[in-house]
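Asks: Build the 3D model from these lines:
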Amino acid sequence: MKEKEIEIFRKLNGQLEGLYDEMSALSKKTPTDAINKFKLKFVNQLLLEINALLNDEYKPFTEFIKFEEDDLPTNSDVVLMLSQYLNCMEKLRDDNIALDDEGDWCWVINKKMSDIQTSPPKKI
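Replies: Numbers count the residues shown, from 1 in each chain. Below you'll find the model as predicted:
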């Protein structure tokens, strides 16, 4: 990864986690209700940006790009897909971080250890 991609990753991953938390709470209350168009607009916008970062190598499903606006998905459908994207974002991160000589987890940029610290992988 490049430093700019790491910046984009951090922004999108934060947005994805926040959206997942909000949609999960909504899904627990009304799982089979359709998401409204306002929320769907932002879900789709985020998915398109994440798809560009993940490319085909890391995307959860190669055929899935975004939700259809004419066929509104349910809250639980959105949560299902957002959780898949969270896992794929973590896989991308895991593949691009390593322990430095001091025992800190850092991003690897162009196959070289950077000084940009991150949290440990979620699944070791």
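Asks: Beta-bridge partners for the closest residue to Glu3 other than its chain neighbours, please?
Replies: In this structure, Glu3 finds its nearest non-sequential neighbour in Ile109, 5.7 Å apart by Cβ to Cβ, 6 or more residues apart in numbering. The C-beta positions use only the backbone N, C-alpha and C, and glycine is treated the same way. With DSSP bridges applied, Ile109 shows beta-bridge pairing to Lys112.
Asks: ok, Ile109 - contacts?
Replies: Counting by Cβ atoms under 8 Å, 6 or more residues apart in numbering, Ile109 touches 1-3, 6, 116.
Asks: In the chain, where's the longest helix?
Replies: Counting by DSSP state H, the longest helix found in the chain is helix 3-29.
Asks: right, and the helix or strand after it?
Replies: helix 37-58 (DSSP states H and E).
Asks: Could you list the low-pLDDT ranges of this structure?
Replies: 124 (pLDDT under 70).
Asks: The closest residue in space to Lys122 that isn't next to it in sequence: how many residues sit nearby?
Replies: Nearest residue to Lys122, sequence neighbours excluded (Cβ to Cβ, 6+ apart): Glu90, at 5.5 Å. Glu90 is flanked by 15 other residues according to other Cβ atoms under 10 Å.
Asks: Okay, buried residues for the strand or helix carrying Glu90 please.
Replies: Using DSSP H and E, Glu90 maps to helix 75-94. Neighbour counts over helix 75-94 (16 or more other Cβ atoms under 10 Å) mark 75-79, 81-82, 85-86, 88-89, 91-93 as buried.
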